[in-house]
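[1] output the structure for:
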Amino acid sequence: MVLMAGTLASMTGFTDIRAGGWVRHLPPSMRPYAILARFDRPIGAWLLFLPGLWSIILGARGVGVALWLLLLFAVGSVVMRGAGCVVNDLWDRRMDAQVERTRTRPLASGALKPLDALVFLVLLGAVGLLILSQLDFPARILGVVSLAPVIVYPLAKRVTWWPQVVLGFTFGWAAPMGYAAASGVFWSWSALCLYAAAILWILGYDTIYAHQDREDDALIGVKSTARLFADNTRGLLWVCYGGMILLLATAMALAGLNIYGILTLALPAALLLRQIMRLDINDPALCLQLFKSNREVGLAIGLAMLVGQI
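    This is a model prediction of the structure:
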């Protein structure tokens, strides 16, 4: 099975690991850590941050507080996304070595040892706790709870066909946490709708992302919604993205945002429709491109929230 996966990897020749970029300017001893935490590929930090952006705008008690929280969440997203990548790669280092896209990751390639990664993880966790200490009590509690799905997610692909849903609960956690930080309360119906919208969004875009590894995953026994839905992925995206826009509109209405903000959701809806129409599950490079385009989707949703507050 390992040999088959390696053969397939050689045939496809596709990887999203960068050989250059700004990381090459770091001291050689630091480069593997930056790559391990994906500091050179910020799209994951963006996607972790954006639900927090929406919820902070939705529940903001003032411009000054909102800007301070956005700064904390931006830095926290980079740090915690890095920590999540370390946890994920520790669990997956043997499987990553069998997949073309991931076999050059520091742990999979042997550039770093597991102990090195664990020490780095502790350092990232310390920075995360420092940021968490700056938030109100409700947000602190939610921040601590968020560690559970971060740890569980790498195991999900081994036991369920729906690991993207688990990732949705994990990456979407910034929505309730951001609302708690901005409003000072644990939850509201609007925050719950926002969280559900984030989960559907992540289920959709991570299914697109998982199509990059679909063939290799089948050989090594990794489960995903990309494998589960395969040629029916476009139908899943209609449900996920359509439900997401409806839930966002509901969240905005429940929070008392104006109709102009709700109508502005037409912009992210159009961007999501473009993803659905362009999707080719057999083109890994296109799948990566469509996945990355969700940064613009998330920013467009943030714009709609902002318009709704004016």
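
[2] ok, longest helix in the protein?
    Ordering each helix of the chain by length in residues (DSSP state H) puts helix 63-96 first.

[3] may I see the buried residues of that helix?
    Residues 66, 69-70, 72-89, 91-93, 95-96 are the ones in helix 63-96 that count as buried (16 or more other CB atoms under 10 Å). (Glycine included, C-beta is placed from N, CA and C.)

[4] give me the neighbour count for the residue lying closest to Thr264 once chain neighbours are set aside.
    The shortest distance from Thr264 to any non-neighbouring residue, by CB to CB, 6 or more residues apart in numbering, is to Ala304 (3.8 Å). Neighbours of Ala304 under the rule other CB atoms under 10 Å: 26.

[5] before we move on, what about Met277?
    Neighbours of Met277 using other CB under 10 Å come to 9.

[6] same deal with Ala285?
    11.

[7] just for the protein, where's the confidence low?
    1-20 (pLDDT under 70).

[8] list the buried residues in stretch 208-226.
    208-220, 222-226.

[9] look up how far Pro268 lies from Leu47.
    According to CB to CB, to the nearest Å, Leu47 stands 14 Å off from Pro268.

[10] need the residues touching each of these two.
    Gly298 (CB atoms under 8 Å, 6 or more residues apart in numbering).

[11] can you list contacts of the helix or strand where Arg227 lies?
    Under the criterion of DSSP states H and E, Arg227 resides in helix 225-229. For helix 225-229, contacts defined as CB under 8 Å, 6+ apart pick out 161-165, 203, 206-208, 210-211, 213-214, 217-218, 233, 235-236, 281.

[12] among those residues, which ones are in helices?
    Short answer: these in helices (DSSP H) are 163-165, 203, 206-208, 210, 214, 217-218, 233, 235-236.

[13] ok, back up a step: OK, contacts around the residue nearest to Thr264?
    Listed by CB under 8 Å, 6+ apart, the contact set of Ala304 reads 248, 252, 261-262, 264-265, 267-268.

[14] please apply the same query to Ser55.
    Taking CB under 8 Å, 6+ apart, one finds 174-179, 182, 191, 194 in contact with Ser55.

[15] just checking, what packs against the helix or strand hosting Tyr153?
    Remark: Tyr153 resides in helix 147-159, with elements defined by DSSP H and E. The elements that helix 147-159 packs onto, with contact taken as 3 or more CB pairs under 8 Å, 6 or more residues apart in numbering; DSSP states H and E, are helix 63-96, helix 163-171.

[16] buried residues of that helix, list them for me.
    Buried residues in helix 147-159 (16+ other CB under 10 Å): 147, 149-150, 153-154, 156-157.

[17] circling back: with distance to Ile131 added, can I get the helices and strands packed on helix 147-159 in a markdown table?
    Shown next, in a markdown table, are the helices and strands packed on helix 147-159 (distance: least, CB to CB, whole Å):
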| stretch | distance to Ile131 |
| --- | --- |
| helix 63-96 | 5 |
| helix 163-171 | 17 |
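
[18] quick one: closest of those to Gln289.
    helix 163-171 (18.6 Å; CB to CB).

[19] name the nearest residue to Met177, sequence neighbours excluded.
    What sits nearest to Met177 in space, not counting adjacent residues and going by CB to CB, 6+ apart, is Leu142, at 4.4 Å.

[20] the one you found and Tyr195, how far apart?
    11 Å.

[21] now for the two: what residues contact both?
    Common neighbours of Leu142 and Tyr195 (CB under 8 Å, 6+ apart) are 173, 176.

[22] related to what we said a few turns ago, distance between the longest helix of the chain and the chain's centre?
    Here the centre of helix 63-96 is set off from its chain's centre by 9 Å, with CA atoms, centre = their mean, to the nearest Å.

[23] which other helices and strands contact the very next helix or strand once past it?
    Remark: after helix 63-96, the chain's next helix or strand is helix 106-109, criterion DSSP H and E. When contacts are defined as 3+ CB pairs under 8 Å, 6+ apart, helix 106-109 packs onto helix 31-36, helix 63-96, helix 114-132.

[24] now do 6 Å
    Applying 3 or more CB pairs under 6 Å, 6 or more residues apart in numbering; DSSP states H and E, one finds that helix 106-109 contacts helix 31-36, helix 63-96.
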